[in-house]
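S.K.: Fold the stuff below for me.
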Amino acid sequence: MRTIVKRGAVAALSLAVMASAAFAENVKIAFIDPLSGPFASTGTNGLHQYEFAAEALVNANGGVLGGQKFEIVGFDNKISPKESLIQLQVAIDQGIRYVVQGNSSGVANALTEAIDKHNRRNPDSRVLFLNYSAVDPALTNEKCNFWHFRFDANADIKMDALTDVMAADSSIKKVYIIGQDYSFGKAVAAAAVNFLGAKRPDVEIVGNELHPIGKVKDFTPYARKIVASGADAVITGNWGSDMLNLGKSVIDNGFKGPIYTYYAAADGITAAFGETGKGSLRLVSEGPLNPIASERAADYVKAFKAKYPDGNVSQARITNVIEMLARAINDAGSATDVVAVGKALEGMEHDSLWGGKIMMRPQDHQAIQDVHIFAHTNEGVQFDYDNSGYGMVVESSVAMASADAPTTCKMQRP
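M.R.: As a prediction, the model looks like this:
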């Protein structure tokens, strides 16, 4: 028997199918970071952390808006601001409305300016920039805009915590500052001089220099200057291969004091330092693994390691990005209305998987959270890095660090 369907019913059915297909469309998130070159290991591990967080924390729980899944799309920027802008346009052309990036504040500065310009010119294809690791303070001060949200503590917040520890150490009389020659390296140096000057005016800065990012193969000349300066401590914001090569050279050339860092962990760095870093390397960061905050957090790390045996859960803020974005999309009732999503992120308070609360400060879109000082060690380590037996153990903490710190941000909202 032939079934006859009226034209109106067909039209209604067609609309229902189209609506269902649109409803099920993935929420794509562009990951724009180095996936090749000297910083490839950092970028690749970050990509894996995003992919795992999206699947474990959002998709496995039904997605957002009743069924839409998160999809992470990797774009290799080769750590180049110019290449990052090319990849940003490719992502926008693919209909992607969320961008995550973290390696290099130089890249972040280029992206935030480009996204702000794009959004003003193209209100129908606006983009949100979720910055998970680029910590140049200018991004949430004079260069702030509505479309940029930073989930990491900025360089000033971290240096404030770091110099509290240094100021309490009476054995530190001379400090050498060294970093990568771009906006972030300059911000770290300026913060170190400012905070040490305020907290320990008796401390002498015996060196303050910058080197080309990702281009120095042999740090021996720098290391010898540091040792010859008589410095009691070193401060560096170096990351990736620049952190590893500088730190190894400084220690190999006989430096015995503490090296205070922002990124001296994971991505092969912890394994490479091993025993030589013990008693020397200090790291300022968030999201402690040792001690771990809860069984839920421990299970998350174990599951990640089961999927990526050679990887590390080294950037706890990545889970904060994914969980807070999912909440904001659900609160906004839309994944495409990024203005509504941005407004839902503003002022959001979130209980982090890693313990403590994250608050997205509405006036400048700077995440306020607990900041910790860690020591590189193989003692008291439940979760190591690089399968090395060595990890980062909390030595001191600052609750909701710099929550009342002023900002020069004068944000214009859509």
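S.K.: Going by C-alpha atoms from here, please, whenever you check contacts or count neighbours.
M.R.: OK.
S.K.: Chain neighbours aside, what residue packs nearest to residue 114?
M.R.: The shortest distance from residue 114 to any non-neighbouring residue, by Cα to Cα, 6 or more residues apart in numbering, is to residue 85 (7.4 Å).
S.K.: likewise residue 402?
M.R.: Closest to residue 402 by Cα to Cα, 6+ apart is residue 157, at 6.0 Å.
S.K.: Burial check on the one you found, number of neighbours?
M.R.: For residue 157, the neighbour count with other Cα atoms under 10 Å is 21.
S.K.: any idea which helix or strand carries it?
M.R.: Using DSSP states H and E, residue 157 maps to helix 155-167.
S.K.: what angle do the next helix or strand after that helix and helix 155-167 make?
M.R.: Counting by DSSP H and E, the element after helix 155-167 in chain order, helix or strand, is strand 174-180. Interaxial angle, strand 174-180 versus helix 155-167 (axes from the mean of the first three to the mean of the last three Cα atoms, to 10 degrees): 150 degrees.
S.K.: Centre of the chain to strand 174-180, how far?
M.R.: 22 Å (Cα atoms, centre = their mean, to the nearest Å).
S.K.: ok, residues contacting it?
M.R.: 185-186, 188-189, 192, 203-213, 226, 229-238, 242 (Cα atoms under 8 Å, 6 or more residues apart in numbering).
S.K.: swap in stretch 40-47?
M.R.: Contact partners of stretch 40-47, identified using Cα under 8 Å, 6+ apart, comprise 31, 33-35, 72, 74, 103, 240, 267-268, 311-312, 315.
S.K.: ok, and for it, which residues are buried?
M.R.: 40, 41, 42, 43, 44, 45, 46, 47 (16 or more other Cα atoms under 10 Å).
S.K.: ok, so of these, who is nearest residue 320?
M.R.: residue 46 (13.5 Å; Cα to Cα).
S.K.: Spatially central, which residue of this protein would that be?
M.R.: Nearest to the geometric centre of the chain sits residue 133, at 2.3 Å (Cα atoms, centre = their mean).
S.K.: isn't there a strand covering that one?
M.R.: No: counting by DSSP: H, G, I helix; E, B strand; the rest coil, residue 133 falls outside a strand, being coil.
S.K.: gap between the closest residue to residue 137 other than its chain neighbours and residue 184?
M.R.: Among residues not flanking residue 137 along the chain, residue 154 sits closest, at 5.6 Å (Cα to Cα, 6+ apart). Separation of residue 154 from residue 184 (Cα to Cα, to the nearest Å): 10 Å.
S.K.: Now do stretch 265-284: distance to the chain's middle.
M.R.: For stretch 265-284, the distance to the chain centre is 19 Å (Cα atoms, centre = their mean).
S.K.: Check stretch 79-99 too.
M.R.: 18 Å.
S.K.: repeat for stretch 49-67
M.R.: Centroid separation between stretch 49-67 and its chain, computed with Cα atoms, centre = their mean, is 19 Å.
S.K.: go on, stretch 78-93?
M.R.: The answer for stretch 78-93 is 18 Å, by Cα atoms, centre = their mean.
S.K.: Now tell me what touches the helix or strand hosting residue 318 from outside.
M.R.: Element membership for residue 318, per DSSP H and E: helix 317-332. Applying Cα under 8 Å, 6+ apart, the external contacts of helix 317-332 come out as 49-50, 53-54, 57-58, 64-65, 130, 132, 151-152, 286-287, 335, 340-342, 344-345, 348, 350, 352-353.
S.K.: one step back: could you save the buried residues of stretch 40-47 as TSV and add columns showing pLDDT, distance to residue 300 and secondary structure?
M.R.: Below are these laid out as TSV (pLDDT from 0 to 100; distance: Cα to Cα, whole Å; DSSP: H, G, I helix; E, B strand; the rest coil):
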residue	pLDDT	distance to residue 300	secondary structure
40	92	24	helix
41	89	21	helix
42	90	20	helix
43	93	20	helix
44	95	19	helix
45	93	16	helix
46	95	16	helix
47	97	16	helix
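S.K.: Now do the contacts for residue 185.
M.R.: Taking Cα under 8 Å, 6+ apart, one finds 178, 179, 210, 237, 238 in contact with residue 185.
S.K.: how near is the third one to residue 352?
M.R.: For residue 210, the distance to residue 352 equals 35 Å [Cα to Cα].
S.K.: which one of these two has more residues nearby?
M.R.: residue 352 (20 against 16).
S.K.: So which residues of the protein form helices?
M.R.: Using DSSP state H, the helices of the chain run over 7-23, 40-53, 81-93, 105-121, 155-167, 183-199, 220-228, 241-252, 269-273, 295-307, 317-332, 338-345.
S.K.: hey, least reliable of the ones you listed by pLDDT?
M.R.: Mean pLDDT across the helices of the chain is lowest at helix 7-23; the value there is a mean of 43.
S.K.: I figured residue 109 hits residue 139, correct?
M.R.: Yes: using Cα atoms under 8 Å, residue 109 is in contact with residue 139, at 6.9 Å.
S.K.: Tell me which of those two has more neighbours.
M.R.: When neighbours are counted by other Cα under 10 Å, residue 139 comes out ahead of the other of residue 109 and residue 139, with 25 against 18.
S.K.: Against residue 151, how distant is the more buried one?
M.R.: Per Cα to Cα, residue 139 is found 12 Å from residue 151.
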